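Enquirer: Model the following, please.
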Amino acid sequence: MPLGRRLRENLGLTTLFLGLLFLGGTTAVALYGTRSRSFSVGQKIDQPIYAEVAFSITDEQRTMRDRQTARAATPSHYRLDEALITQIETDLRNLYQAAQASETFEAFLERATENGWTVDEAAYGQLRSYADATRQSAFEDCIVRLGRRLEREFTRHPDAEKDRSPPSSAKTIVIHLRDASEGEAPLEVSVFDILPLSNTTGIQRAANDLVLKCGFSPALRTTVADLLSRRLSEKPLLVFDAAVTAEQMVLAAERVETVTVRYQQNEPIIPVRAEGLTFADLQLVAAHDEAYRQFLVGDAEGAKDLRERALLRRIGLVTLFVLLTVVLLGYVATYQRRVLEVWTRGLAFVLLLVGTLAAVRVIDLASPIRELMVGPPLVAASILAIAYTRRFAMGVMTVTAVILVLAVHGDAALYITVLVGVGVTAWLLDDVRTRTRLIGVGLASAAAIFVSLTGSGLFDGQALGFAVIRGVQGAATAFVASLLLQATLPLLERFLGIVTSLTLLEWRDTTRPLLQRLAREAPGTYAHSLTLGTLAEAACREIGANALLAQVGALYHDIGKLHKASYFAENQEASINRHDNLAPTMSLLIIIGHVKDGLEMAKEYKLPRVLHPFIAEHHGTTVVRYFHHIASEQQPQIASGKHDRQVPESQFRYPGPKPRSKETAVMMLCDGTESAVRSLSEPTPGRIENVVHQIITDRLYDGQFDECDITLRELHRVEESLAKSLCSYYHGRVAYPKKDKPERAAGADQPQERTAAPIAG
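Expert: Numbers count the residues shown, from 1 in each chain. Reported below is the predicted structural model:
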């Protein structure tokens, strides 16, 4: 038989389709984008990283440094304080005018004192001598020459450039003169030729030199020099022009060319350093990987060889993915075959795993924090553990973790961390009955991942600080993943059809409309269902099955009896049996019809699909013994006293299916044993144990457990649990002696004889 045909027969077309979909999705995600590198900021490397192809990269840091240097080297720009020069010229003219207006030196001195001028009689006499126009014009020429000279003799405030960033490193400054508007270029002056205001001695010396050079008469030199030095000491001649300086700094930075560094093939691009990798190193590696990808698609020399090597690597990766896909499908087919039997459930399963891998790949390509990659696998493991079983979640995520590490070129530390996080998460998510349980699981997985990442970092020779930071980042990711799962769990339950313990707890609430209706219209069935819920929960706990699921399933397993509640023994009055006037075949249709009716009501009331098997499978394909016996008795008898023919049991069997899970198998046993023990007139412990053993044996020999994975050891433990529980429910009562006194007669304490119920639901 051809291999393809055998695979189709054993696995089915749905399984093959899901396998191809999973393989195609994982391959597409893994091969998308550039090659990833397992590096992080601060990580130490054991050997240099070499360039596989020649490439060039813009050195942003060097370019930034050069531009910063150019900005700092830009000279500061100043403008003359024209108002100060005008003020000095005005002061000198006022000095002349005051002398001309004063008839005596004493009057002149009084006015000079008021203005802060230092004068003597010689200066007064000299100023008075400028009364004629010619002498006055000569004095005015001296004032004009002083103004001109002040445009070349500069003072500035020491803190004039305190707001400049970066500080100037230039040895000159640029001064914009008063005549610059007429085309005169700005003057560039050495910073050492500028007098600071704090240098009073230098200002006084400069004032004396200016007065001498401007031609003031000896009698006036002291007065003019004092006035000039006082004004120059109060206010600088140069004013810092921040706007022009900033503009020139920007222009200087723009003139700096971008620094480009070229690396040759097989040249080390990152050497081994004790301080670990920097963010710039990671950018360099990313640039190399992008250049490598561009080189592969080009026609340069050597590109063909690299393409062949890259193709072989991809073929090897796909080969590994094929093997892992087969392993994964085999595991799913072995432990959760129902995932592969329903294509919608299988599609959701494949999308969950491929989506997890895609999320990890996006983090790998876009985020420098590689520890974020542990988040998606934890969410996926939580969903699988909640939807199925812990073992299934751990098994699936173990294989998925291998695919994940291969896709992102990870190392053993990443694989171990994912396994540790998945293991702790799946193991603790055995029974989520409260929302805070997810927070506790998140804290536990965060602690485990912190230890794993820190330990692996130290083992790899990384610094303690780097290892701890990695651990903290991974732990924070795990905890955030638990919060994300808690926030999205209701949506996941609805979208993926997942039924969690929280959902089951909601359906266990006895105020549910369906249970309230069952209590009103079929009180006996309601009491029977409550009893079975307790029995099934205890029995499932003994064998490690889902006790909550069995308990909730027991509450709804007989809802189909609502349509004809009075035809079932637990709802009948003691003296009325509606089946007395019906043919056995008609009674059979009514009895087995409650299964079909129950499934219809389950859809009507939107019961979770996980509860439907309890309705359909709690009788399996067992025989309705009571009506089979009546039908046999109603057959004609021959002379020997035997019946003319035997009624086949197949005609009186429930339609099934047989139990397919441990929980529905336990439900079947609880239903059968409780009904049988309830019909006992004297339910002593010995008789109860015999009945329980007999019913379990009959179900076993009848093949009712052929389609579920319950073992004989588990059946024995279920038998012990049921016998113990039923003995506590139906324990024998002490018979009180009858009294002749009328006031004690017919008391509530008198025992009542149990009557056998002919119809067991």
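Enquirer: any idea how the protein splits into domains?
Expert: With domains defined by automatic domain parsing, the chain comprises 3-32+304-502, 71-252, 511-636+645-736.
Enquirer: now the ones you listed in TSV, with mean neighbour count and mean pLDDT?
Expert: Every residue, glycine included, has its C-beta placed from N, CA and C. Shown next, in TSV, are the domains of the chain (neighbours: other C-beta atoms under 10 Å; pLDDT from 0 to 100):
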stretch	mean neighbour count	mean pLDDT
domain 3-32+304-502	18	85
domain 71-252	16	85
domain 511-636+645-736	19	87
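Enquirer: Indicate which one of those domains is closest to Ser56.
Expert: The closest of the domains of the chain to Ser56 is domain 3-32+304-502. By C-beta to C-beta, the value is 17.9 Å.
Enquirer: Next, the contact list for Ala101, please.
Expert: Arg111 (C-beta atoms under 8 Å, 6 or more residues apart in numbering).
Enquirer: Correction: the previous question concerned Ala131.
Expert: Gln100.
Enquirer: And it, its phi and psi?
Expert: Backbone torsions for Ala131, taken as degrees, to the nearest 10, come to phi -70, psi -40.
Enquirer: ok, it to Ala99 distance?
Expert: As for Ala131, its distance to Ala99 is 9 Å (criterion: C-beta to C-beta, to the nearest Å).
Enquirer: what does Ala401 give?
Expert: Counting by C-beta to C-beta, the gap from Ala401 to Ala99 is 101 Å.
Enquirer: Could you name the specific helix or strand carrying the residue nearest the centre of the chain?
Expert: Residue closest to the mean C-alpha point of the chain, counted by C-alpha atoms, centre = their mean, is Ala481 at 4.8 Å. In this structure, Ala481 sits in helix 464-496 according to DSSP states H and E.
Enquirer: Could you give the separation of that helix from the chain centroid?
Expert: 5 Å (C-alpha atoms, centre = their mean, to the nearest Å).
Enquirer: Which strands or helices does that helix pack on?
Expert: When contacts are defined as 3 or more C-beta pairs under 8 Å, 6 or more residues apart in numbering; DSSP states H and E, helix 464-496 sits against helix 375-387, helix 412-428, helix 435-459.
Enquirer: I figured Gly375 hits Ala475, correct?
Expert: No. In terms of C-beta atoms under 8 Å, Gly375 does not count as a neighbour of Ala475; the distance is 11.1 Å.
Enquirer: Next up, the contacts around Thr621.
Expert: Counting by C-beta under 8 Å, 6+ apart, Thr621 makes contact with Arg653, Tyr654, Pro655, Gly656, Pro657, Lys658, Asp702, Gln704.
Enquirer: How about the contacts made by the closest residue to the fifth one other than its chain neighbours?
Expert: The shortest distance from Pro657 to any residue that is not its chain neighbour, by C-beta to C-beta, 6 or more residues apart in numbering, is 5.8 Å, and that residue is Glu617. Under the criterion of C-beta under 8 Å, 6+ apart, the contact partners of Glu617 comprise Gly656, Pro657, Lys658, Pro659, Arg660, Thr664, Met667, Met668.
Enquirer: Helices - which of those residues land there?
Expert: In helices, defined here by DSSP state H, the members of the contacts of Glu617 are Thr664, Met667, Met668.
Enquirer: show me what contacts the nearest residue to Glu649 once chain neighbours are set aside?
Expert: Distances taken as C-beta to C-beta, 6+ apart place Val623 nearest to Glu649, at 4.9 Å, with adjacent residues excluded. When contacts are counted by C-beta under 8 Å, 6+ apart, Val623 touches Glu649, Phe652, Arg653, Asp702.
Enquirer: would JSON lines of the contacts of Glu617 with distance to Ser168 be doable?
Expert: Shown next, in JSON lines, are those (distance: C-beta to C-beta, whole Å):
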{"residue": "Gly656", "distance to Ser168": "94"}
{"residue": "Pro657", "distance to Ser168": "90"}
{"residue": "Lys658", "distance to Ser168": "92"}
{"residue": "Pro659", "distance to Ser168": "89"}
{"residue": "Arg660", "distance to Ser168": "85"}
{"residue": "Thr664", "distance to Ser168": "86"}
{"residue": "Met667", "distance to Ser168": "88"}
{"residue": "Met668", "distance to Ser168": "92"}
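Enquirer: Please report how far Phe295 lies from Phe192.
Expert: From Phe295 over to Phe192 the distance is 55 Å, taken as C-beta to C-beta.
Enquirer: for Arg713, same thing?
Expert: Arg713 is 100 Å from Phe192, by C-beta to C-beta.
Enquirer: Surely Val256 is in contact with Gln68?
Expert: No. Taking contacts as C-beta under 8 Å, Val256 lies outside contact range of Gln68: 9.3 Å.
Enquirer: ok, back up a step: nearest to Tyr32 among the contacts of Glu617?
Expert: Arg660 (40.4 Å).
Enquirer: so the closest one makes contact with Ile710?
Expert: No. Counting by C-beta under 8 Å, Arg660 stays clear of Ile710, with 10.4 Å between them.
Enquirer: quick one, helices of the stretch 1-150 of the chain?
Expert: With DSSP state H, counting those that start in this stretch as the criterion, the stretch 1-150 of the chain has helices at 3-11, 13-31, 60-73, 82-101, 105-115, 121-128, 133-150.
Enquirer: re the thing from before, turn the domains of the chain into CSV, columns for distance to Val261.
Expert: Below are those laid out as CSV (distance: least, C-beta to C-beta, whole Å):
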stretch, distance to Val261
domain 3-32+304-502, 21
domain 71-252, 22
domain 511-636+645-736, 62
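Enquirer: which one of these lies closest to Val53?
Expert: Closest among these, once you apply C-beta to C-beta, is domain 3-32+304-502, at 7.3 Å.
Enquirer: Quick check: the gap between Glu301 and Gln265.
Expert: Relative to Gln265, and taking C-beta to C-beta, Glu301 is found at 11 Å.
Enquirer: These two: which is more packed in?
Expert: Shown here are Glu301 and Gln265; by other C-beta atoms under 10 Å, Gln265 has more neighbours (12 against 7).
Enquirer: Give me the distance from stretch 672-685 to the chain's centre.
Expert: Distance, stretch centre to chain centre, for stretch 672-685: 55 Å (C-alpha atoms, centre = their mean).
Enquirer: ok, now stretch 123-141?
Expert: Relative to its chain's centre, stretch 123-141 lies at 90 Å (C-alpha atoms, centre = their mean).
Enquirer: Ends of it, what's the gap?
Expert: Stretch 123-141 has its terminal residues 18 Å apart, counting by C-alpha to C-alpha, to the nearest Å.
Enquirer: Make residue 1 into 794 and carry on from there
Expert: Sure thing, new numbering starts at 794, so read that last one as stretch 916-934.
Enquirer: tell me the SS of Ile1408?
Expert: The three-state label given to Ile1408 by DSSP: H, G, I helix; E, B strand; the rest coil is helix.
Enquirer: for the ones in helices among the contacts of Glu1410, which one is nearest Ile1385?
Expert: Among those, Met1461 lies closest to Ile1385 (C-beta to C-beta), at 14.5 Å.
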